[in-house]
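A.B. asks: Show me the folded form of this:
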Amino acid sequence: MKLNEFKVERLFARNNENVSLELSDSTCQGFDMKDLLGRADDECLKMWENLHIGHTDFKGHPKLRAAIARRYKKIGPGDVIEASPEEGTFIVLNSMLGPGDEVIVMEPAIPSLHEIPRAIGCKVVPWKLEATNWGWKLDVEFLNEAISPKTKMIIMNIPNNPTGYAPVQTELYRIAQIADKMGTWVFSEESYRGLERDPGAIISPMADIYHRAVSVGGLTRNGFAGLGVGWIVSQNNTVLSDFLAYKDYISLCPNAASEILAIIFFRNIQEITLRNRKIIQKNVKLAEAYFKSYGQWFEWTPPDAGSTAFPKLLGDRLASDFCNRCIKEAGLMIIPDRLFSVNLNRFRIGFGKDTFGIGLAKFSDFVDDYMKRCDE
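C.D. replies: As a prediction, this is how the structure comes out:
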């Protein structure tokens, strides 16, 4: 399997020393060790102090798998495999897909969801999100028309990165109904689940809704990117066994220290999620006010969930050139749409951190100068 480079991550890597602020970061505000351990209960502190740095349970720490399972209705601890989100995606797609398989993939989405099936040799059918005045829309009836007995898998990223789109519950059940009609599997990357802007509209995981679904989640977007903790879940024990066999060739067993820190996260999940949501809500208002005030240059499509949005650069100016100049001239990282394999003249912004307001002010100064030069 020949993989193309992961363009988003390579852009970050190549410009790591050239940027002072990231306006496209997809994660929430991080924690330092002192803060996180300060939230630990007595049991977690004891596990931390007595931590043995050796081989761990190959499926994941039992207490961590139990905590993950509580996020689902039809998933028990035995239905959980601990793996980082990208590792989980790699394992699932390589285990279940082969050359010539047809897949329908949400677009735009995390680049690996398109690239891995392409590298395997699958026929990739894009399922495009559409921008409207009230938000992003996914045409579920397109799926009904595009699916066929040849369709091995529907690949979703919900809540979506980079757009911030989240479907409503009826759409999820309709997707499951369409997939079931053809015996098609659904794979759903759901790392932003729980960070919906409306706490009363948290989407159900596909692994709960549909018996042929696999959901991948993780702590990366919640401010714990450095832990590398995530999971794969499914109601189907056969595919879970296949995933474990594939995982033997990658990470084999989870990181012992990260597991204990992740258990601390789950025992404080409500408080941490509330903190993240407050930061996001504050910064979304700043972003919306800014982009609407510059309506002659930008189109703002409001996000439903997560900590990213995907505004559009209007006119004949190219988003790729705009982003490159922002990186080089302002030292501010923003990611153009082409890195998500789409050509919509959009770029991703990330508003999950306290520094967003500072970055937005710097972005505003760059925009004023850039547009002035373009008009000369």
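
A.B. asks: just so I have it, where are all the helices in the chain?
C.D. replies: Under the criterion DSSP state H, the chain carries helices at the ranges 7-14, 33-37, 42-49, 62-69, 85-96, 112-120, 140-146, 169-182, 206-209, 237-247, 256-267, 269-293, 319-330, 356-375.

A.B. asks: Relative to the whole chain's centre, how far out is the third one?
C.D. replies: When distances are taken as C-alpha atoms, centre = their mean, to the nearest Å, helix 42-49 is centred 30 Å away from the chain's centroid.

A.B. asks: Please apply the same query to the longest one.
C.D. replies: Using C-alpha atoms, centre = their mean, the mean C-alpha position of helix 269-293 is found 17 Å from that of the whole chain.

A.B. asks: re the thing from before, using CSV, please lay out the helices of the chain together with distance to Ser307.
C.D. replies: All C-beta spots, glycine's among them, are computed from the backbone N, C-alpha and C. Putting the helices of the chain into CSV (distance: least, C-beta to C-beta, whole Å) gives the following:
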stretch, distance to Ser307
helix 7-14, 15
helix 33-37, 19
helix 42-49, 26
helix 62-69, 21
helix 85-96, 15
helix 112-120, 19
helix 140-146, 25
helix 169-182, 21
helix 206-209, 21
helix 237-247, 28
helix 256-267, 17
helix 269-293, 5
helix 319-330, 19
helix 356-375, 9
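
A.B. asks: For Thr56, which of those is the nearest?
C.D. replies: Among the helices of the chain, the nearest to Thr56 by C-beta to C-beta is helix 256-267 (5.1 Å).

A.B. asks: Let me have the helices of the chain in a markdown table, extended by mean neighbour count, distance to Gly350 and mean pLDDT.
C.D. replies: What follows is the helices of the chain, written out as a markdown table (neighbours: other C-beta atoms under 10 Å; distance: least, C-beta to C-beta, whole Å; pLDDT from 0 to 100):
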| stretch | mean neighbour count | distance to Gly350 | mean pLDDT |
| --- | --- | --- | --- |
| helix 7-14 | 15 | 12 | 68 |
| helix 33-37 | 12 | 21 | 94 |
| helix 42-49 | 13 | 30 | 97 |
| helix 62-69 | 20 | 25 | 98 |
| helix 85-96 | 22 | 16 | 96 |
| helix 112-120 | 20 | 18 | 96 |
| helix 140-146 | 14 | 28 | 95 |
| helix 169-182 | 17 | 25 | 96 |
| helix 206-209 | 23 | 25 | 98 |
| helix 237-247 | 15 | 30 | 96 |
| helix 256-267 | 20 | 20 | 97 |
| helix 269-293 | 16 | 9 | 96 |
| helix 319-330 | 17 | 13 | 91 |
| helix 356-375 | 15 | 8 | 89 |
